[in-house]
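S.K.: output the structure for:
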Amino acid sequence: MLAVGGDLSEARLLEAYRCGIFPWYSAGKPILWWSPPERAVFLPGDEYLAPRLRRKLRSAPFEIRVDTAFADVMRNCATANRSGNPGTWITDGMIAAYVALHESGYTHSFETWQDGELVGGLYGLSLGAAFFGESMFSKVGDASKAAFAHLCEWCWNRGFHFIDGQVPNENLEKLGARVMVRDEFLERLGQALERPTQKGPWTT
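M.R.: Numbers count the residues shown, from 1 in each chain. All right, here's what the predicted structure looks like:
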């Protein structure tokens, strides 16, 4: 943890991400700003999709949309159950701040739809050739992984250097994330920021 307090203004958030820092705190608590010593990072081709999942996605059980329901994705991520714990860091203030960034073209959602219903997805922030993944949710099996697969395809096809998963955990490592020390992450981030930001809205 680097700092306590401040606000979630667009300028402060963008400057934080450019420095490898992100907010993570609980409702009713001061804003906490983090730059962990190790990051979960996906480099092009690192993502691992099990053969069963690849077969399922080829059968097209889902429709993938991009940037059509950003606020809904955030709200679903906020209430998603993760080992008995909801995504309590996604406060109303966080939702308002990231929706504002979405309207400015910096944050994006990859959405999984089935029979006209939003059943999974993820959201994150894009700067230069870097995508900072924030959270994902799934209401049916493999819905979040389908969104993740399309995020990877979208980013790699457009020359992105990496997808940041922030804090390493078992689920990200199963998807192929590598654990990267802060100095290497910041060096790669600096290189990615030399590229222009592909501001939204994005499309499939």
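S.K.: what residues are up against the nearest residue to Ala130 once chain neighbours are set aside?
M.R.: Nearest residue to Ala130 in three dimensions, chain neighbours excluded: Ala192, at 4.0 Å (C-beta to C-beta, 6 or more residues apart in numbering). Just so you know, the C-beta spots here come from the backbone N, C-alpha and C atoms, and that holds for glycine as well. Neighbour list for Ala192: Leu127, Gly128, Ala129, Ala130, Phe160, His161, Phe162 [criterion: C-beta atoms under 8 Å, 6 or more residues apart in numbering].
S.K.: for the lengthiest helix in the chain, C-alpha coordinates in PDB please.
M.R.: As assigned by DSSP state H, the longest helix anywhere in the chain is helix 143-157. Taking Å, rounded to 0.1, in the frame of the first residue of the first chain, the C-alpha atoms of helix 143-157 are listed here in PDB:
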ATOM      1  CA  ALA A 143     -19.300 -17.200 -19.000                       C
ATOM      2  CA  SER A 144     -16.500 -15.100 -17.500                       C
ATOM      3  CA  LYS A 145     -13.900 -17.300 -19.200                       C
ATOM      4  CA  ALA A 146     -15.600 -16.700 -22.600                       C
ATOM      5  CA  ALA A 147     -15.300 -12.900 -22.000                       C
ATOM      6  CA  PHE A 148     -11.700 -13.300 -21.000                       C
ATOM      7  CA  ALA A 149     -10.900 -15.300 -24.200                       C
ATOM      8  CA  HIS A 150     -12.400 -12.500 -26.300                       C
ATOM      9  CA  LEU A 151     -10.500  -9.900 -24.300                       C
ATOM     10  CA  CYS A 152      -7.200 -11.700 -25.100                       C
ATOM     11  CA  GLU A 153      -8.100 -12.000 -28.800                       C
ATOM     12  CA  TRP A 154      -9.000  -8.300 -29.000                       C
ATOM     13  CA  CYS A 155      -5.900  -7.200 -27.300                       C
ATOM     14  CA  TRP A 156      -3.400  -9.400 -29.000                       C
ATOM     15  CA  ASN A 157      -4.800  -8.600 -32.500                       C
END
